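Asks: 3D model of this:
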Amino acid sequence: MTNLDLFRKKTLTDLAKILDITPFDLARHYGTKEGLPVDLLFEKSDLERLKKELQLEDWWAPDGPYSDVLSDNTLRDVSMVRTRLRQVSTMLLQRQGEICRSDNLLRGFAEGTSELSAQEEKSLITVLLNLLIRSGAIQSISMSSGLGLVVKEGSLLQVIAQGKWPAMILDRIKDLEQN
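Replies: Predicted coordinates:
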């Protein structure tokens, strides 16, 4: 970063990249609100406002909303797959009764903080979310901002978060553990 970058306004693409969303999603949001700025340039102060408006959260960031879940050693399991599934289940249980953006579960990974790369972590979480949807533990719903997730009542999430593995889940994660 040069000194000039400190004073330069952000473009729509810059802002979208920082927020980890597509430029189209950002343009759509502005289109439904006040409209896009004529010059398509944004202040740094727009970042926090947009994060709040778009309900963007870095769930996997060490200082994110689930730092307590990430530091909870009781959720560690025999494999990375099982640990991540227990962590995801615990995070979603804390949002029971709310609709949450599915892409928030892919935010906050940093290179070098895990045995997997950030992209591999995102791929694993995507597979685990699909598993939870297919098993009926969570429900996917369409939102204007993308895919939303809702925890179903009496869900398997509580069982998984406790480290108990129903046969239907165990069979599916064994394949992931071997890959």
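Asks: domain ranges for the chain?
Replies: The chain is divided into the following domains under automatic domain parsing: 3-53, 67-178.
Asks: Confirm that Val81 sits in a helix.
Replies: Yes. Applying DSSP: H, G, I helix; E, B strand; the rest coil, one finds Val81 inside a helix.
Asks: which residues touch it?
Replies: 124, 128, 173, 176-177 (CB atoms under 8 Å, 6 or more residues apart in numbering). Using the backbone N, CA and C atoms, a C-beta is placed for each residue, glycine as well.
Asks: Need phi/psi at the most centrally placed residue in the chain.
Replies: In the chain, the residue lying closest to the centroid (CA atoms, centre = their mean) is Leu105, at 1.7 Å. Main-chain torsions, Leu105, degrees, to the nearest 10: phi -70, psi -10.
Asks: about what we covered before: now tabulate the domains of the chain in a markdown table and tack on mean pLDDT.
Replies: Formatted as a markdown table, the entries for the domains of the chain read as follows, by pLDDT from 0 to 100:
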| stretch | mean pLDDT |
| --- | --- |
| domain 3-53 | 85 |
| domain 67-178 | 91 |
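Asks: And those: which comes nearest Trp60?
Replies: Across the domains of the chain, Trp60 has its closest neighbour in domain 67-178 (3.5 Å, CB to CB).
Asks: Straight-line length of that closest one, end to end?
Replies: 28 Å (CA to CA, to the nearest Å).
Asks: again, but for stretch 150-159
Replies: OK, stretch 150-159 end separation, CA to CA: 17 Å.
Asks: likewise stretch 55-62?
Replies: End-to-end distance for stretch 55-62, by CA to CA: 18 Å.
Asks: In that stretch, which residues are buried?
Replies: 56-61 (16 or more other CB atoms under 10 Å).
Asks: do stretch 21-40 as well
Replies: Buried residues in stretch 21-40 (16+ other CB under 10 Å): 21, 25-26, 29-30.
Asks: Check stretch 71-90 too.
Replies: 75, 80-82, 84-90.
Asks: Equivalent analysis for stretch 141-158, please.
Replies: Residues 145, 148-151, 155-157 are the ones in stretch 141-158 that count as buried (16+ other CB under 10 Å).
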